[in-house]
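Visitor: what would the 3D arrangement of this be:
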Amino acid sequence: MEHLPPLNHESASDRAAQQVRLLSAVVLMLGIGLFLALPFVLSIGAVVFLPLTAALVLSIIFSPLADQLYRLGLPNLLASFLALAICLIALVAMLSVILQPAIDTFGQLPSMAQRVAQRISQLRGNLGWINEVNKQLLRLAGHNQAREVVLAGPSVIEQFVFATPAVVIEALVTVLMSFFLIESRLRMRQKLTHDRTPGHAGLKAARVMREVQDLVASYMMTVGMINLGVGVIVGVAAYLLGLGAPLMWGGLAATLNFLPYLGPLAMIIILSLFGLGTADTVLQGMVPAALYLCLHAVEANLVTPTVLGRRFTLNPVMILAAISYFYWIWGVVGALLAMPILLVMTALFHHVGRPNVIGFIFGEPLFPEDEPEPA
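Guide: Now for the predicted structure:
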């Protein structure tokens, strides 16, 4: 008796694999389309989405602090209010430390600008032969200088006056939304924990939410302490060098250090311009910027990697891409929110699974299963 061929189990598994791959392709294309369309949607609806995003980030950062206050016996409402109040008090103190001396420094801007212009004219005089060569090349190429018409726009003061009411309203909405999100965290966790879904999905979601909050809050607290140390060192150095307003320089260095790569670069440029505008020689004017560059090199390459460890290590390309992406959408506020948003996305991908886009093109699964750890 001849044996009958087995049933088409192989073909059924192939069809299932094709269906999974088709579904993965649809998910990937939807994700790419959402990534491309999201900037335009978020920028157009910035009045709605920016306060909501900022409130979500603040609630993620300060929910662990509210939990600690709640464990000490404080009511949830009071613990949430105190956690948010600490944030606002620290922000107001930082702004007062930076802005008040900065306003006093504005009176020196005309003389500083004149001195910087003199330094630049000296450098241009030393390199005048380059300008002459450039003129000769343009003349040989037949380039004719054309007159440019510049339209006068609103001044900085006018822009500030027009933008102030909208900024105040968005700030109030952000604070209120942050408070309600922090206050409702316990109810949300209880609802997810007691949700009777198959496979304990609610319990897993509550655990992921708690771990994401702890990760982001731990990162921001650690980076805040490091930046505070940088600010103290810069303030002491500014006092010793006689720059004036050492608290302003320390607060500015600590605040800009929250913006990776771009913030220290902006600090170097500010110190260079201020040094050239106040010092007697170019070499003496570049001393503050050179000292800050040495401090930043030690902090970025030795202190921060040692303190944060591998758990918080992020790809520099991803950091710059996130800063550029959210700066394009929301400006400076978006650049400041880029790092917390990137941390949240990284923590979520750690639990959900990182999509294998390159491998998917060559036939691998989009979300490969994690290999079991050895015993």
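Visitor: run a quick neighbour tally on residue 346.
Guide: Residue 346: 17 surrounding residues under other C-beta atoms under 10 Å. Glycine gets a C-beta too; all of them are placed from N, C-alpha and C.
Visitor: with residue 275 instead?
Guide: That count, for residue 275 with other C-beta under 10 Å as the rule, works out to 22.
Visitor: and it, how far from residue 307?
Guide: 30 Å (C-beta to C-beta, to the nearest Å).
Visitor: how about residue 62?
Guide: 21 Å.
Visitor: so what does residue 280 look like in phi/psi?
Guide: When quoted as degrees, to the nearest 10, the phi and psi of residue 280 stand at phi -80, psi -30.
Visitor: look up how far residue 269 lies from it.
Guide: Distance of residue 280 to residue 269, computed by C-beta to C-beta: 21 Å.
Visitor: who's more crowded, those two?
Guide: A count of neighbours by other C-beta under 10 Å puts residue 269 above the other of residue 280 and residue 269, at 11 against 8.
Visitor: now that one: which helix or strand?
Guide: helix 262-278 (DSSP states H and E).
Visitor: neighbour-wise, which of residue 62 and residue 307 wins?
Guide: residue 62 (25 against 13).
Visitor: where does the closest residue to the more buried one other than its chain neighbours land in three-state SS?
Guide: Once flanking residues are discounted, residue 62 sits nearest to residue 83: 4.5 Å by C-beta to C-beta, 6 or more residues apart in numbering. State at residue 83, reduced to three classes by DSSP: H, G, I helix; E, B strand; the rest coil: helix.
Visitor: residue contacts, residue 83?
Guide: Shown in contact with residue 83 (C-beta atoms under 8 Å, 6 or more residues apart in numbering): 62, 63, 65, 66, 69, 182.
Visitor: got the CA coordinates for stretch 278-289 in PDB?
Guide: The C-alpha trace of stretch 278-289 is given here as PDB (Å, rounded to 0.1, in the frame of the first residue of the first chain):
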ATOM      1  CA  THR A 278      35.800  92.900  26.200                       C
ATOM      2  CA  ALA A 279      39.500  91.800  26.100                       C
ATOM      3  CA  ASP A 280      42.400  93.900  24.900                       C
ATOM      4  CA  THR A 281      43.900  91.300  22.600                       C
ATOM      5  CA  VAL A 282      42.400  88.500  20.500                       C
ATOM      6  CA  LEU A 283      44.400  85.800  22.400                       C
ATOM      7  CA  GLN A 284      43.100  87.100  25.700                       C
ATOM      8  CA  GLY A 285      39.600  87.200  24.400                       C
ATOM      9  CA  MET A 286      39.600  83.600  23.300                       C
ATOM     10  CA  VAL A 287      40.800  82.300  26.800                       C
ATOM     11  CA  PRO A 288      37.200  81.800  28.200                       C
ATOM     12  CA  ALA A 289      36.000  79.900  25.200                       C
END
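Visitor: can you list the low-confidence ranges for the stretch 1-150 of the chain?
Guide: Of all residues in the stretch 1-150 of the chain, those with pLDDT under 70 make up the ranges 1-14, 17, 20-21, 104-150.
Visitor: on that earlier part again, mean confidence score for the helix holding residue 269?
Guide: Mean per-residue pLDDT for helix 262-278: 84.
Visitor: correct me, but residue 59 touches residue 181?
Guide: Yes - counting by C-beta atoms under 8 Å, residue 59 touches residue 181, with 3.7 Å between them.
Visitor: who's more crowded, the two?
Guide: residue 59 (23 against 20).
Visitor: against residue 52, how distant is that one?
Guide: 11 Å.
Visitor: can you check residue 213 too?
Guide: Applying C-beta to C-beta to residue 213 and residue 52 gives a distance of 17 Å.
Visitor: compare those two (neighbour count), which wins?
Guide: Higher neighbour count among residue 213 and residue 52: residue 213, with 20 against 14, using other C-beta under 10 Å.
Visitor: where's that one, which helix or strand?
Guide: Per DSSP H and E: helix 201-241 holds residue 213.
Visitor: angle of the helix or strand that that helix is followed by against helix 201-241?
Guide: Moving toward the C-terminus from helix 201-241, the next helix or strand (DSSP H and E) is helix 246-256. Interaxial angle of helix 246-256 relative to helix 201-241 (axes from the mean of the first three to the mean of the last three C-alpha atoms, to 10 degrees): 150 degrees.
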